[in-house]
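Participant: I need the structure of the sequence given here:
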Amino acid sequence: MIETGRTGRTWLLTGENSGYALALTERDELLHLHWGPRIGLAAAEALAAAPDLPHRSFESPLDGHEEYPVEGGPRFVRPALSVRTPLVRGTEWTFRGAETDGDELRIGFTDAVHRLGLTLHYRMQGDSDVVERWATVAHTGPDGPPLELLRADAAAWSLPARDGWRISRLHGRWSAETRIERAELLHGESVISSRRGHTGHQYLPWAALDADGAATEESGEVYGCALGWSGSWRICVQRLPDGLVQITGGAGHDESGLLRLAPGESYTTPVFAGLWSDQGFGGASRAWHAWQLAHVIPDAGTLRPVLYNSWEATGFDISLDQQRTLARRAADMGVELFVVDDAWFGRRTSDRAGLGDWTPNPDRFPGGLKPLADEVHALGMRFGIWVEPEMVNSDSDLYRAHPDWVQHVPGRTRTEYRNQLVLNLARPDVREHLWEQLDALLSGTPVDYVKWDFNRCFTDPGWPGEEYPQRIWTAHVDALYALIDRLRAAHPHVAFESCSGGGGRIDLGILSRTDQVWTSDNTDPLDRLAIQEGFSHLHPARVMAAWVTDSPNRQLNGRVSSLRFRFVSAMAGVLGIGGNLAEWSEEELAEARGWVDLYKEIRPVVQQGALYRLREPRGGLSAVQYVHGEETVVLMWLEAQRYGERPPALRLRGLDPAATYTCRDTGAVHHGSVLLHRGLHTGLRGDLDAQVLRLRQD
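Facilitator: All right, here's what the predicted structure looks like:
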């Protein structure tokens with residue numbers, strides 16, 4: 001709900017449990033008033049009438065209080081907007097007007113010298129506490145020189161003064177993504193970013209803050225913000241001298257230049273979403289999940305199928321008969337989606353050739369992919385393929401025909417990572433070629449699912465012939481979004497998964513266009529517990545792909561683990577299987593069928609339920625709980641036992657304290673304030689073991 005004050009210069013957005021207020025001063029300065037528990041419009045107007053602005057020497061009264069700080073005037077904080085023309089740098093605003101359109105508030109300003117228009121957008125759904133913010137910057141002049149946007153962030157979030165703040169972030173690297181890290185927020189700037197052309201394995205574009213480190217998993221105030229952008233980005237958290245905190249974030253990793261606007265052109269930033277919760281980190285996570293399931297993820301109410309991917313079974317040594325054998329074994333196991341990974345196309349016998357030639361290899365698939373797809377469908381499964389459209393090998397027909405289509409800087413060596421180069425999607429001819437190739441592929445073969453990979457970073461982001469080549473950083477991502485949107489519109493039955501060498505492209509922007517994401521190339525079930533825990537702080541299980549692979553783990557560390565532990569680890573998200581089924585024994589296949597059947601039973605609770613992190617994966621016992629309607633599911637992992645330790649008791653959450661629940665696995669009856677005693681852990685049998693418990697309200 002959006003309310004406007006009597007003067008037309010105060011606004012209050014109200015969500016399910018919280019409110020957000022802002023107001024204009026007489027000098028057209030847009031100030032932040034409130035972000036926290038619900039308040040009424042009268043209270044917001046009272047805050048606007050007497051804003052708590054400091055009046056200290058050598059300090060700006062605006063710093064930490066403005067909704068969208070710009071460069072210029074009495075400001076010293078990092079600006080959200082930095083603009084220049086050949087003669088002028090800095091901005092001075094005049095209020096242009098505000099309007100409400102449904103659940104969106106738009107507040108407009110102009111700068112007469114720059115002939116620049118700025119519109120700040122706000123949206124808060126009534127069923128959520130997430131505030132969505134973004135900005136539109138426009139060159140409003142009919143002529144004249146272009147405006148150069150050095151920086152145009154999506155939003156600036158203002159937090160109240162506190163004695164101290166703790167910051168939580170999700171950090172990592174390839175095969176060790178999304179691990180939670182908490183630390184004291186020191187005075188000055190704390191910056192996380194990606195300079196790589198994609199979201200990156202190193203950080204998810206998310207941060208959360210709690211005062212004095214007082215928040216727990218289920219109590220305390222938590223402020224969080226997450227950026228919806230799949231290219232290079234930056235989030236800067238500033239703790240100011242007076243204890244206020246301001247967070248800016250948007251596309252681009254520095255101020256070397258974002259893009260130029262000619263007269264009549266405009267730029268709209270990605271969404272930078274914010275959330276306040278007084279229910280601790282767990283409550284904040286559940287609020288983020290509910291918002292994404294309701295308003296971000298396509299077709300989120302549809303359960304994701306159990307998947308089998310043939311990559312680890314075949315590598316580049318792929319054939320039609322081999323895929324048929326794997327498909328039959330997968331179908332017998334109860335798999336619902338069979339995916340052919342790399343090496344089905346071009347001359348792709350290794351990672352040195354074939355990328356860019358998206359037609360089936362005639363030696364391996366003489367009749368194309370359709371005969372295999374038809375057989376997979378006849379077995380009762382859906383059919384999927386792997387692609388990496390943004391990349392090309394120098395040993396490919398596409399590169400030989402169009403070497404100018406890759407990102408490169410004239411006079412410099414073309415850097416190859418993984419023996420591949422990055423196509424310049426910002427070029428219309430490249431984008432149109434990819435559309436034609438992929439549309440023909442999806443039209444000619446009954447494909448139900450596409451795993452869209454991106455296996456290397458930008459290293460040569462040049463664009464020969466382009467007047468302002470810096471815009472490649474944003475234009476590539478805009479083109480990627482447009483291409484996926486066009487394919488989804490033309491092939492609405494096809495589901496898409498975002499992959500980037502594991503978890504290198506996970507953010508709200510790509511999630512608004514894809515059905516799930518590949519969380520990490522690390523499929524070791526013990527390592528995955530920490531990766532999945534961190535992932536859950538922002539994103540729901542409904543999009544988190546998790547695989548069962550072979551033991552010992554061939555891809556990473558050689559660790560040995562039971563099939564039981566591997567399955568229960570992967571059942572915390574969207575279950576997939578990636579082992580070499582041709583080498584699994586009949587006993588393993590039968591056990592796996594039982595786990596797949598169990599997952600299908602609990603899948604609605606896991607993929608659609610509210611998540612409670614009962615114990616963190618820090619050694620010993622770790623556990624998560626999902627609650628959906630009258631049902632709850634608990635997944636437990638015993639990571640280690642020492643000195644005869646017994647697993648500790650667990651108190652379940654999110655249940656009706658007045659109701660009783662029956663555990664389907666033990667037959668025990670419990671009250672809603674159930675304490676899961678050690679007696680229910682008897683199924684745990686030592687190091688690296690796991691258990692699933694299902695409870696239903698009587």
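Participant: Run through the residues that contact the residue lying closest to Leu434 once chain neighbours are set aside.
Facilitator: Of all residues not flanking Leu434 in the chain, Pro389 sits nearest, at 5.1 Å (C-beta to C-beta, 6 or more residues apart in numbering). The way it works is simple: take the backbone N, C-alpha and C, and place the C-beta from them, glycine included. By C-beta atoms under 8 Å, 6 or more residues apart in numbering, the contact list for Pro389 reads 358, 423, 434, 437-438, 452, 483.
Participant: Go through those and say which is closest to Ala49.
Facilitator: Ala49 lies nearest to Leu483 out of the contacts of Pro389, by C-beta to C-beta, at 50.1 Å.
Participant: How about the contacts made by Pro142?
Facilitator: Neighbour list for Pro142: 263-264 [criterion: C-beta under 8 Å, 6+ apart].
Participant: distance of it from Thr119?
Facilitator: When distance is defined by C-beta to C-beta, to the nearest Å, Pro142 is 19 Å away from Thr119.
Participant: can you check Pro617 too?
Facilitator: 44 Å.
Participant: just Trp311 next, same as before
Facilitator: Distance, Trp311 to Thr119, using C-beta to C-beta: 46 Å.
Participant: taking the contacts of Pro389 one by one, which sit in helices?
Facilitator: 434, 437-438, 483 (DSSP state H).
Participant: thinking again about what came up before, and the contacts of Pro389, which is closest to Leu185?
Facilitator: Checking the contacts of Pro389 one by one against Leu185 (C-beta to C-beta), the nearest turns out to be Trp452, at 36.0 Å.
Participant: That closest one reaches Gln516, doesn't it?
Facilitator: No - Trp452 lies out of contact with Gln516 (C-beta atoms under 8 Å); the separation is 11.1 Å.
Participant: circling back to that earlier point, the more surrounded of Pro617 and Thr119?
Facilitator: Counted by other C-beta atoms under 10 Å, Pro617 and Thr119 do not tie: Pro617 has more neighbours, with 22 against 19.
Participant: Need the nearest residue in space to that one, chain neighbours excluded.
Facilitator: Leu529 is the one closest to Pro617 (C-beta to C-beta, 6+ apart), at 3.7 Å.
Participant: helix/strand/coil for the one you found?
Facilitator: Secondary structure for Leu529, judged by DSSP: H, G, I helix; E, B strand; the rest coil, is helix.
Participant: Hmm, it is touching Trp637, no?
Facilitator: Yes - under the criterion of C-beta under 8 Å, Leu529 makes contact with Trp637 at 6.0 Å.
Participant: Please enumerate the shared neighbours of those two.
Facilitator: 569, 617, 622.
Participant: For the last one, grab the count of nearby residues.
Facilitator: Put plainly, it is Ser622. Look at Ser622: counted by other C-beta under 10 Å, it has 21 neighbours.
Participant: Distance check, it against Arg664.
Facilitator: Ser622 sits 22 Å away from Arg664, going by C-beta to C-beta.
Participant: and the residue lying closest to Asp357 once chain neighbours are set aside, what is it in contact with?
Facilitator: Take Asp357 and drop its neighbours on the chain: the residue closest to it by C-beta to C-beta, 6+ apart is Gly346, 3.3 Å away. Going by C-beta under 8 Å, 6+ apart, Gly346 touches 353-359, 361, 396-397.
Participant: Can you tell me which of those end up in strands?
Facilitator: Among these, none falls in strands (DSSP state E).
Participant: Kindly give a single ChimeraX line that selects the buried subset of those residues.
Facilitator: Listed next is the ChimeraX selection for buried residues among the contacts of Gly346, using 16 or more other C-beta atoms under 10 Å:
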select :353,354,355,356,357,358,359,361,396,397
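Participant: Would you reformat the contacts of Gly346 as TSV and include distance to Gly509 and pLDDT?
Facilitator: Output for these, formatted as TSV (distance: C-beta to C-beta, whole Å; pLDDT from 0 to 100):
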residue	distance to Gly509	pLDDT
Ala353	32	97
Gly354	29	97
Leu355	24	97
Gly356	25	97
Asp357	28	97
Trp358	24	97
Thr359	30	96
Asn361	33	96
Ser396	29	97
Asp397	32	97
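Participant: List the buried residues for the longest helix seen in the chain?
Facilitator: The single longest helix within the chain, with elements called by DSSP H, is helix 586-608. The neighbour-count check on helix 586-608 (16+ other C-beta under 10 Å) flags 588, 591-592, 595-596, 598-599, 602-603, 605-608 as buried.
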